[in-house]
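# A structural model of the following input is requested.
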Amino acid sequence: MFLALTVGATVAVVVAALGESLASSLAEPAAQSARAGSRTLAAFAGLAALGAYLLAGTGRKHTALALTGIAGAIVIAWVGFVAARAPRRAPLVLLESDREGLAEVAIDGERWVVHEGLGFRLPQPSVRLTPSEAIVRDTIDAAMPGWVDAHQLWAFESEERALTVTIDLSRAESIDVATLRRVLEGASGPLRAAGHEVETTAPTLERGGCGSARFGASLPNDGRVDGRVLAFEEPRSHRAFLLTITIVGPAGAEAHDYLDEVVVPCGGAS
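Numbering: from 1, shown residues only. Modelled structure (predicted):
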């Protein structure tokens, strides 16, 4: 009986995962309906698998096969119907105006690097940096299909690439802790995979509707990676964005302090 329950639970989990994958590609409220339907369908498929296993164990193999076939046909028909009829989620791509270059401006006597269209800004670093087409090109070459449509990457480096700064801009469905955690894990994952011990801070949300999280890791030869993930809304269109800034260079507090000063729109102001 334990094995039969295991089979039923496994089938239920597989069907539920299939339903979640389908729902994630749909627009609301179709996504919510698809999730509710997939849970019901997963329970039905699990019970059908359990019943088929028990029937097969009593020698009624033809009945078990028939039950399995009916359940499978219902699952396939449901997936096909929802996929064909439900509206798809619009892809989160950047506009050309989002990709416009950053500008250097003076604000209250201090120099900033500003994206005038989206409202985020970074302090002008004390180290002399120049744009790095090589870093951008290497990143694009290694990216998954569709990454270029969804991201804008700016990269800068000091002489002999002793220090590099990358700024990755992308869209988000919404600003929430789950989204920040997902991006944080994506940014720090390669460091963990390389065997580095990664420090992270828990994602936090501000009352104005923005959020942030931090990650960092020590590298060999007194090197250091420091990064910050920020989520914000463009004040006029209320489109949600993610900004991931990564600094790689010599160990020291300057990169950490620099990231503290990055400003994004929050509560309609920047």
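# how about the helices in the stretch 1-150 of the chain?
2-24, 30-57, 61-85, 133-142, 147-150 (DSSP state H, counting those that start in this stretch).
# make that the stretch 151-270 of the chain, sorry
Ranges of helices in the stretch 151-270 of the chain, per DSSP H, counting those that start in this stretch, are 177-193, 254-260.
# need these in a markdown table (columns: mean neighbour count and mean pLDDT).
Where C-beta positions appear, they are placed from N, C-alpha and C, glycine not excepted. A markdown table is the format used below for these (neighbours: other C-beta atoms under 10 Å; pLDDT from 0 to 100):
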| stretch | mean neighbour count | mean pLDDT |
| --- | --- | --- |
| helix 177-193 | 16 | 90 |
| helix 254-260 | 17 | 89 |
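# worst average pLDDT in the helices of the stretch 1-150 of the chain?
Confidence, taken as mean pLDDT, is least for helix 2-24 of the helices of the stretch 1-150 of the chain (a mean of 54).
# rewinding a little: out of the helices of the stretch 151-270 of the chain, which gets nearest to residue 237?
Among these, helix 177-193 comes nearest to residue 237, with 18.0 Å by C-beta to C-beta.
# show residues contacting the closest one.
Residues outside helix 177-193 that contact it (C-beta atoms under 8 Å, 6 or more residues apart in numbering): 172-173, 198, 200, 203-205, 211-213, 215, 217, 225, 227, 229, 231, 242, 244, 246.
# tell me the domain ranges of the chain?
Domain assignment for the chain, taken from automatic domain parsing, gives 2-85, 96-260.
# out of these, nearest to residue 267?
Each of the domains of the chain has some distance to residue 267 by C-beta to C-beta; the shortest is domain 96-260, at 2.6 Å.
# where's the closest one relative to the chain centroid, distance-wise?
Taking C-alpha atoms, centre = their mean, to the nearest Å, the mean C-alpha location of domain 96-260 is offset from the chain mean by 14 Å.
# show me what residue 113 bridges to in the sheet.
residue 104, residue 122 (DSSP bridges).
# surely it and residue 107 touch.
No: the pair residue 113 / residue 107 is not scored as a contact, 10.8 Å apart, by C-beta atoms under 8 Å.
# more neighbours: which of those two?
Neighbours of residue 113 and residue 107, each counted by other C-beta atoms under 10 Å, are more numerous for residue 113; the result is 20 against 11.
# rewinding a little: shared neighbours of residue 113 and residue 107, anything?
Common contacts of residue 113 and residue 107 (C-beta under 8 Å, 6+ apart): residue 121.
# counting neighbours, what do you get for residue 169?
Neighbour number of residue 169 under other C-beta under 10 Å is 20.
# which residue packs closest to it, ignoring adjacent ones?
Distances taken as C-beta to C-beta, 6 or more residues apart in numbering place residue 152 nearest to residue 169, at 4.5 Å, with adjacent residues excluded.
# tell me who's in contact with that neighbour.
Applying C-beta under 8 Å, 6+ apart to residue 152 gives the contacts 94, 98, 99, 168, 169, 170.
# for it, give its distance to residue 100.
Computed as C-beta to C-beta, to the nearest Å, the residue 152 to residue 100 distance reads 9 Å.
# what's the answer for residue 71, then?
Applying C-beta to C-beta, the value for residue 71 to residue 100 is 53 Å.
# what do you get for residue 166?
18 Å.
# likewise for residue 207?
Taken as C-beta to C-beta, the span from residue 207 to residue 100 is 30 Å.
# with neighbour numbers in mind, choose between the two.
residue 100 (13 against 7).
# nearest residue to that one in space, please, no chain neighbours.
Spatial nearest neighbour of residue 100, chain neighbours left out: residue 117 (6.1 Å); criterion: C-beta to C-beta, 6+ apart.
# pretty sure the one you found is touching residue 94, no?
No: applying C-beta under 8 Å as the test, residue 117 and residue 94 come out as separate, 11.0 Å apart.
# one step back: pipe the domains of the chain into CSV and attach distance to residue 267 per row.
Converted to CSV, these look like this (distance: least, C-beta to C-beta, whole Å):
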stretch, distance to residue 267
domain 2-85, 25
domain 96-260, 3
